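Enquirer: output the structure for:
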Amino acid sequence: MQLTATASTLQGQAQQAAATKIVLAGKLFDPYTLEFLDNQAITICNDSGMILDVSPFPENSIEFASFGGEVIDLRHLTVLPGFVDTHVHFFIHPYAEASWEDQVTKESIVERTIRATVHAKRTLMAGFTTVRDLGTEGAGDADIALRKCLSSPGALIPGPRYFCVTRAIAPTGTYGPKNYLHFNREGIDGVTGVDVADGTQECIKAVRRQIGAGADWIKIYADYTVRSRASEVSHRVGAASMATFDYDELRAMICTAHAYGVKVAAHATNRSTIIPLMSLRVDSIEHAYDMVTPDSTAVEMFAEYVGHKTKYVPTLAAYYTMTQGKGEIWDRAVSSFKAALELDLDNISCGGDTGVFAHGANALELSLMVRLGANWKKVLKWATLGGWECVRSRMWEGEAGKTRLAQVGELKEDPRIVGDNEVPFGAVRKGFIADLIATPGNFVADFENAVSADSIQFVMKGGRIYKRDGLPLV
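Expert: Predicted coordinates for the structure are as follows:
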């Protein structure tokens, strides 16, 4: 009997080892505490990709030598949760290569989709294991099909976990591409950059249409340069960002989306647009670069943001790229971000509006935040846990969400059951999905180098390794 029991135990241990892998981290960043933990062993289920255990090990330990599963030795690296870029456009490439209008009107949907697959791989190899794509910019619903290719159980191509909006929503006459022969027509040759909606009923229908198409999020252009065609004769009028929808239209869209359990992102630059959006409990504000008025400072304006759950996504990298870090718009963006820092605003996530600049250079947003005075540990939090808190579904919010989060350690959030976009990520803890990256960089001495794509030596998404020893495996 003793021999039988021993054999059974050994067999069980062997099966358990074969079903798991262990990552040995020299240092591990915890975004909840902002601490770096030494010598942590991360046990991962091979089938589900979930983290089963995180525990310390002795520095000179040899206890894993007899482990029957795979041991990934990253003791020479710092391991972090995978980065999250909360504002990308995979169907756009840098404007330095081709203007937005030329891309939208002269590149075929086939070319734009192939480019999107290239962008997805570059993004993943740079250490960004999740993105939120805030609009196909004239490519219709192509992001829904791309999501299936990236994130479903039958994923065809390497790329990050993918949250998308299909088409953003804007009223008549607001967005491009502009028709230069027929000025009163929307778009060119049937191509429009957004879903056009006017009045509360059309706005409700547009939201329902996007959700029915499969959108994870709804995006609204709450203000924009509506009178851009006047710029030839009135530069300031043409460049001025002004409100697009009225309050009732905004309320109709946000309430409809929330009723369906879908979050809403708003392109909003002006304080006069942003404050009503927050009162309507919009889920994220994109840009918010113009929080200054003639009678108040950015700090006074951002004070109204404090206490709200609305995520602030400053997209500094896009403005820096377009202005080369010079000029009035960049100065406003800097002023607004520094005001948020002065108020110790923490409901921030890192989204660069990537696509305006090169995919794969996503970490530029993190670098700019640190250059402008942000605590680098907080930036790492905003780029990991803060990213998940931003993009996750509404099923993770409120009291029900708190209860769900408290039960994550019970291993109930298996992606095979809840789906790829419903798993918890952004932290390395039991029950979270194993989205891990690793860098040899020194965050204190050279933060920008530590987070750069070239420094990311290891990438794992959902328990699967995509990059090792600095080399792509796919």
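Enquirer: give me every residue that touches the residue positioned nearest the centre of the chain.
Expert: Centroid check for the chain by CA atoms, centre = their mean gives residue 86 as the closest residue, at 2.2 Å. Applying CB atoms under 8 Å, 6 or more residues apart in numbering to residue 86 gives the contacts 131, 132, 284, 311, 313, 349, 350, 351, 387, 390, 391. From N, CA and C alone the C-beta is placed, and that goes for glycine too.
Enquirer: try it again at 6 Å.
Expert: 132, 313, 349, 351, 387, 390, 391 (CB atoms under 6 Å, 6 or more residues apart in numbering).
Enquirer: phi and psi next, for it.
Expert: Backbone torsions for residue 86, taken as degrees, to the nearest 10, come to phi -90, psi 10.
Enquirer: how near is it to residue 310?
Expert: 13 Å (CB to CB, to the nearest Å).
Enquirer: do the same with residue 336
Expert: From residue 336 to residue 310 the distance is 14 Å (CB to CB).
Enquirer: can you check residue 424 too?
Expert: Residue 424 is 21 Å from residue 310, by CB to CB.
Enquirer: next: residue 57.
Expert: 41 Å.
Enquirer: counting neighbours, go ahead and name the busier of the two.
Expert: residue 310 (22 against 16; other CB atoms under 10 Å).
Enquirer: test for you: state the pLDDT assigned to the nearest residue to the more buried one once chain neighbours are set aside.
Expert: Excluding its sequence neighbours, the residue lying closest to residue 310 (CB to CB, 6 or more residues apart in numbering) is residue 278, at 5.2 Å. Note on residue 278: pLDDT of 93.
Enquirer: surely residue 278 meets residue 309?
Expert: No: the criterion here is CB atoms under 6 Å, and residue 278 misses it with residue 309 at 9.1 Å.
Enquirer: quick one: which of these two has more around it?
Expert: Per other CB under 10 Å, whichever of residue 278 and residue 309 has more neighbours is residue 278, with 17 against 12.
Enquirer: tell me which element that one falls in.
Expert: helix 271-279 (DSSP states H and E).
Enquirer: packing partners for that helix?
Expert: strand 263-270 (3 or more CB pairs under 6 Å, 6 or more residues apart in numbering; DSSP states H and E).
Enquirer: packing partners for the strand it packs on?
Expert: Taking 3+ CB pairs under 6 Å, 6+ apart as the contact cut, strand 263-270 packs with strand 217-221, strand 223-224, helix 271-279, strand 284-290.
Enquirer: between the third one and strand 263-270, how many degrees?
Expert: Spelled out, that is helix 271-279. Here helix 271-279 runs at an angle of 160 degrees relative to strand 263-270 (axes from the mean of the first three to the mean of the last three CA atoms, to 10 degrees).
Enquirer: picking up where we left off before, what about the residue nearest to the centre of the chain, distance to residue 412?
Expert: Taken as CB to CB, the span from residue 86 to residue 412 is 25 Å.
Enquirer: first to last residue in stretch 171-181, what's the distance?
Expert: End-to-end distance of stretch 171-181: 20 Å, with CA to CA, to the nearest Å as the criterion.
Enquirer: skipping adjacent residues, who's closest to residue 452 in space?
Expert: residue 363 (5.8 Å).
Enquirer: mind checking pLDDT for the one you found?
Expert: So residue 363 comes in at 98 (pLDDT).
Enquirer: thought residue 451 was touching it, still the case?
Expert: Yes: at 4.3 Å, residue 363 counts as touching residue 451 under the criterion of CB under 6 Å.
Enquirer: neighbours around the residue nearest to residue 452, how many?
Expert: 27.
Enquirer: before we move on, what about residue 342?
Expert: Neighbours of residue 342 (other CB under 10 Å): 14.
Enquirer: could you do the one 5 residues further on as well?
Expert: Counted with other CB under 10 Å, the neighbours of residue 347 add up to 18.
Enquirer: for it, give me its contacts.
Expert: Contacts of residue 347 by CB under 6 Å, 6+ apart are residue 311.
Enquirer: recalculate using a threshold of 7 Å.
Expert: Going by CB atoms under 7 Å, 6 or more residues apart in numbering, residue 347 touches 309, 310, 311, 312.
Enquirer: got any ranges where the stretch 1-150 of the chain has weak pLDDT?
Expert: Applying pLDDT under 70 to the stretch 1-150 of the chain flags residues 1-18, 61-62, 65-66.
Enquirer: can you map out the helices along it?
Expert: Counting by DSSP state H, counting those that start in this stretch, the stretch 1-150 of the chain has helices at residues 2-18, 100-106, 109-125, 142-151.
Enquirer: could you export the third one as PDB, CA atoms only?
Expert: Same thing as helix 109-125. C-alpha atoms of helix 109-125 as PDB (Å, rounded to 0.1, in the frame of the first residue of the first chain):
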ATOM      1  CA  ILE A 109      -9.200  48.200 -47.200                       C
ATOM      2  CA  VAL A 110      -7.000  45.200 -48.000                       C
ATOM      3  CA  GLU A 111      -3.800  47.300 -47.700                       C
ATOM      4  CA  ARG A 112      -5.000  48.900 -44.500                       C
ATOM      5  CA  THR A 113      -5.900  45.600 -43.000                       C
ATOM      6  CA  ILE A 114      -2.500  44.100 -43.800                       C
ATOM      7  CA  ARG A 115      -0.800  47.100 -42.300                       C
ATOM      8  CA  ALA A 116      -2.900  46.600 -39.200                       C
ATOM      9  CA  THR A 117      -1.600  43.100 -38.800                       C
ATOM     10  CA  VAL A 118       1.900  44.400 -39.000                       C
ATOM     11  CA  HIS A 119       1.200  47.100 -36.500                       C
ATOM     12  CA  ALA A 120      -0.300  44.500 -34.100                       C
ATOM     13  CA  LYS A 121       2.800  42.400 -34.100                       C
ATOM     14  CA  ARG A 122       5.100  45.400 -33.600                       C
ATOM     15  CA  THR A 123       3.000  46.500 -30.700                       C
ATOM     16  CA  LEU A 124       3.200  43.100 -29.000                       C
ATOM     17  CA  MET A 125       6.900  42.800 -29.500                       C
END
